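give me the fold of what follows.
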Amino acid sequence: MSGGKFDFKEIRQLQNQIEQLDKDRDKLCEDCAKYLAARLLAKVKKRTPVGQYDKPVTFTTPAGKKVHFTTKSGKEVDFVTKNPKTITFTPKTGKQGGVLRAGWTAGEVVKTDEGYSIEIVNPTEYASYVEYGHRTANHKGWVPGKFMLTISERELEEQAPKMIEKRISDYIKGVLHV
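Reported below is the predicted structural model:
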């Protein structure tokens, strides 16, 4: 039996590709963290309620009482009712909803001993009250929380392993030219 020739070109190429994978590991992890943060932001924004300030108000006037109000155009109206009358109007508050929803942001990727993290925050002063609930203004009742971030986090925790696995698999295939 005689010794044959062996070309190490493909082995060196594979070695270079593996070294490239190792060199890009931090960037890949950061990209995965940013991807998951973007998915979480999309979920939490979708769940965040938007204030409705243009809801119609209905009231019934008492018989024989003076009624006074200002119309949308600013006109002062006064009248005395002979019989009870139901009136519906939409108050002009000047408020616009969506501040809480627009407040969600993601911070920078931080590498820790445990891995990589990104903080998702909403600096709107009432965000925690909407998330977890709060007492009513008269302190006699409770407004339940919406748990928009809590529910979104749980949902993402279930989906994250498959999402990360796919991104890593696609990245490895790209580097190894598979």
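
what about the longest helix in this protein?
Longest helix in the chain, counting residues (DSSP state H): helix 148-176.

quick one: mean pLDDT over it.
Taken as a whole, helix 148-176 has a mean pLDDT of 92.

just checking, what packs against that helix?
Here helix 148-176 touches helix 9-23, helix 25-47, helix 127-132, going by 3 or more C-beta pairs under 8 Å, 6 or more residues apart in numbering; DSSP states H and E. In this view, the C-beta of every residue, glycine as well, is placed from N, C-alpha and C.

swap the cut-off to 6 Å and go again
Counting contacts by 3 or more C-beta pairs under 6 Å, 6 or more residues apart in numbering; DSSP states H and E, helix 148-176 is packed against helix 9-23, helix 25-47.

list the buried residues in it.
Within helix 148-176, the residues that qualify as buried are M148, L149, S152, L156, I164, Y171, counting by 16 or more other C-beta atoms under 10 Å.

same question, stretch 70-77
Residues of stretch 70-77 classed as buried: none (neighbour count, 16+ other C-beta under 10 Å).

quick one: average pLDDT of that stretch?
Averaging pLDDT along stretch 70-77 gives 82.

so what touches it?
Residues outside stretch 70-77 that contact it (C-beta atoms under 6 Å, 6 or more residues apart in numbering) are F69, K92.

at 8 Å instead, please
Residues from elsewhere that reach stretch 70-77, judged by C-beta atoms under 8 Å, 6 or more residues apart in numbering: V67, H68, F69, T90, K92.
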